[in-house]
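Participant: Show me how the following folds:
(chains A, B and C)
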Amino acid sequence: MKTSARNHFAGEVSGIKSGAVNDEVTLKVGDATLVAIVTQDSTKALGLATGSKAFALIKASSVIVMVDADPAKISARNVLTGTVKAVKAGAVNTEVTITAGKLEIAAIITNESATRLGLAAGKPASAVVKASSVIIAVD
Amino acid sequence: MKTSARNHFAGEVSGIKSGAVNDEVTLKVGDATLVAIVTQDSTKALGLATGSKAFALIKASSVIVMVDADPAKISARNVLTGTVKAVKAGAVNTEVTITAGKLEIAAIITNESATRLGLAAGKPASAVVKASSVIIAVD
Amino acid sequence: MKTSARNHFAGEVSGIKSGAVNDEVTLKVGDATLVAIVTQDSTKALGLATGSKAFALIKASSVIVMVDADPAKISARNVLTGTVKAVKAGAVNTEVTITAGKLEIAAIITNESATRLGLAAGKPASAVVKASSVIIAVD
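Facilitator: Numbering: from 1, shown residues only, chains lettered A, B, ... in the order given. Alright, predicted model coming up:
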């Protein structure tokens, strides 16, 4: 199963919190922890349980880039802080790659935002992703 | 009501599962079934019930493209499998159109992903969409 | 905390509806009301309560543009109606800026949609955003 999602992280389920419709699935990915909101039917269909091996898939367009991000001040559950690796501008959108620990994450943002944030290789930045934008997959 | 959402599918509500905040709405669209997560207030405001006519709206940028997708292995509830109809590359992003049965679905992915997946007209591929990315509309 | 999210609205929490996993947070932003779905853990971590100052962050790529939008006919909870301020086309995507009352909101849509909707500066249009695409931040 190959996917267009630019961000594909292998990890292990470290917790599941169930609601009536949606579940919150926490995935340990190396030193990082990622949180996904998926439907309960998906949790069951995938057979997810604490300790399950699973992948988090995140589209580059779902990633927000922040400078000086403070996870305590933002509702998005996934904040990966590191360093800008590359910035590639198109006519409207820019692709930004951030290295955070052992993870590398790609984001698509507008050119205007890339300029406004002064993003450049080597500068500190965070990749921020809402839990509802994370897809869980299994092998 | 005309919308920029590239994907606009007419169907009929085949099920509603209610939570405290969110509802899961299932829509029968021809031979396909689409699942949307909307707030309960929306379900009520739209007067949705089993048998209601409704539309699913999906932004092209919310669609992930997969090759060899196995719906049993991914949390995303909407997997439309078919054939690539067209691939149109920009500077950063590529627009991919997939024909799946009677449905045609457009996706915006990065150029790098399009190249990595080897997408080209006539090749098999799936369009994958999280239920939380689907908007429901009525006439 | 600077962010790539093109849309950044300061407001005040006017309501919180709690589920088991997700909360629905309503934010008063000038004359407009924005609705966000965030995890309950976020509501707690941010200390959100009625009257709290907070920001709504919305990525341009999460915004759908509509013409003749009728909020009563769409599940997306956020519909900001106003006038197109600017349209900037790239190779694949177009950036559309809409002025709605005192708010200005940027959207990234495909060129094909921009053409199909006949978007141009001065024309009426609405920016439509699912509650699950809205991030809440605090100072």
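Participant: Can you show me the helices along chain A?
Facilitator: Here chain A has its helices, by DSSP state H, at A:40-46, A:111-117.
Participant: can you put those helices in CSV and add mean pLDDT?
Facilitator: Converted to CSV, these look like this (pLDDT from 0 to 100):
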stretch, mean pLDDT
helix A:40-46, 94
helix A:111-117, 94
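Participant: of all those, which lies closest to residue A:138?
Facilitator: Nearest of the helices of chain A to residue A:138, taken as CB to CB: helix A:40-46 at 5.2 Å. To be clear about C-beta, it is placed using only N, CA and C from the backbone, and glycine gets the same treatment.
Participant: from the chain's centre, how far out does the helix or strand of chain A with the lowest mean pLDDT sit?
Facilitator: Least confident element among the helices and strands of chain A, by mean pLDDT, DSSP states H and E: strand A:2-3 (a mean of 90). How far strand A:2-3 lies from its chain's middle: 16 Å, per CA atoms, centre = their mean, to the nearest Å.
Participant: Please say whether there is contact between it and chain B.
Facilitator: Yes: applying CB under 8 Å from any CB of the partner chain, one finds that strand A:2-3 is in contact with chain B at A:2, A:3.
Participant: other SSEs contacting that strand?
Facilitator: The contact analysis (3 or more CB pairs under 8 Å, 6 or more residues apart in numbering or on different chains; DSSP states H and E) places strand A:2-3 against strand B:64-67, helix B:111-117.
Participant: please redo it, this time with the cut-off set to 10 Å
Facilitator: strand B:64-67, helix B:111-117, strand B:124-129 (3 or more CB pairs under 10 Å, 6 or more residues apart in numbering or on different chains; DSSP states H and E).
Participant: Can you lay out the ones you listed as CSV showing distance to chain C and mean neighbour count?
Facilitator: Listed next are the helices and strands packed on strand A:2-3 as CSV, based on distance: least, CB to the nearest CB, whole Å; neighbours: other CB atoms under 10 Å in any protein chain shown:
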stretch, distance to chain C, mean neighbour count
strand B:64-67, 14, 23
helix B:111-117, 9, 18
strand B:124-129, 12, 25
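Participant: Nearest approach to residue B:10 belongs to which of these?
Facilitator: Taking the helices and strands packed on strand A:2-3 one by one with CB to CB, strand B:124-129 is closest: 16.5 Å.
Participant: So that closest one, near chain A or not?
Facilitator: Yes: for strand B:124-129, a contact with chain A is found by CB under 10 Å from any CB of the partner chain, at B:125, B:126, B:127, B:128, B:129.
Participant: Contacts only, for the last one.
Facilitator: Under the criterion of CB atoms under 10 Å, 6 or more residues apart in numbering or on different chains, the contact partners of residue B:129 comprise A:135, B:7, B:34-36, B:56, B:58-59, B:62-64, B:76-80, B:105, B:107.
Participant: okay, it: pLDDT?
Facilitator: With respect to pLDDT, residue B:129 scores 96.
Participant: Next: residue A:71.
Facilitator: Predicted confidence (pLDDT) for residue A:71: 89.
Participant: For it, which non-adjacent residue is spatially closest?
Facilitator: Computed as CB to CB, 6 or more residues apart in numbering or on different chains, the closest residue to residue A:71 that is not its neighbour in sequence is residue A:79, at 4.3 Å.
Participant: Would you check how far apart that neighbour and chain B are?
Facilitator: Using CB to the nearest CB, to the nearest Å, we find residue A:79 at a distance of 19 Å from chain B.
Participant: Count the neighbours of that residue for me.
Facilitator: By the measure other CB atoms under 10 Å in any protein chain shown, the count of residues near residue A:79 is 19.
Participant: So for it, what's the pLDDT?
Facilitator: Listed pLDDT for residue A:79 reads 95.
Participant: cool, residue A:24 as well?
Facilitator: In this model, residue A:24 is scored at 95, pLDDT.
Participant: Would you map the strands across chain A?
Facilitator: For chain A, the strands defined by DSSP state E occupy A:2-3, A:7-18, A:22-29, A:32-39, A:53-58, A:64-67, A:78-89, A:93-100, A:103-110, A:124-129, A:135-137.
Participant: one step back: how about TSV for the helices and strands packed on strand A:2-3, with distance to residue C:86 added?
Facilitator: Listed next are those as TSV, based on distance: least, CB to CB, whole Å:
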stretch	distance to residue C:86
strand B:64-67	30
helix B:111-117	26
strand B:124-129	29
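Participant: Nearest to residue B:84, out of those?
Facilitator: Counting by CB to CB, residue B:84 lies closest to strand B:124-129 out of the helices and strands packed on strand A:2-3; the figure is 5.0 Å.
Participant: domain parsing for chain A?
Facilitator: What automatic domain parsing lists as the domains of chain A is A:7-58+A:131-137, A:60-128.
Participant: how about JSON lines for those, with distance to residue B:69 added?
Facilitator: Formatted as JSON lines, those follow (distance: least, CB to CB, whole Å):
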{"stretch": "domain A:7-58+A:131-137", "distance to residue B:69": "9"}
{"stretch": "domain A:60-128", "distance to residue B:69": "18"}
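Participant: out of those, which comes closest to residue C:139?
Facilitator: Ranked by CB to CB, the member of the domains of chain A that lies closest to residue C:139 is domain A:60-128, at 7.0 Å.
Participant: in stretch A:84-93, what's buried?
Facilitator: Buried positions in stretch A:84-93, judged by neighbour count with 16 or more other CB atoms under 10 Å in any protein chain shown: A:84, A:85, A:87, A:88, A:90, A:91, A:92, A:93.
Participant: what is the rounded mean pLDDT of that stretch?
Facilitator: Stretch A:84-93 carries an average pLDDT of 95.
Participant: CA atoms of that stretch as PDB?
Facilitator: Extracted C-alpha coordinates of stretch A:84-93, given in PDB (Å, rounded to 0.1, in the frame of the first residue of the first chain):
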ATOM      1  CA  VAL A  84      13.600  23.700   8.500                       C
ATOM      2  CA  LYS A  85      15.400  21.400   6.100                       C
ATOM      3  CA  ALA A  86      14.200  22.800   2.800                       C
ATOM      4  CA  VAL A  87      11.900  25.400   1.300                       C
ATOM      5  CA  LYS A  88      10.600  25.000  -2.300                       C
ATOM      6  CA  ALA A  89       8.400  27.700  -3.700                       C
ATOM      7  CA  GLY A  90       5.800  27.400  -6.500                       C
ATOM      8  CA  ALA A  91       3.600  30.100  -7.900                       C
ATOM      9  CA  VAL A  92       1.100  30.000  -5.100                       C
ATOM     10  CA  ASN A  93       2.200  27.300  -2.600                       C
END
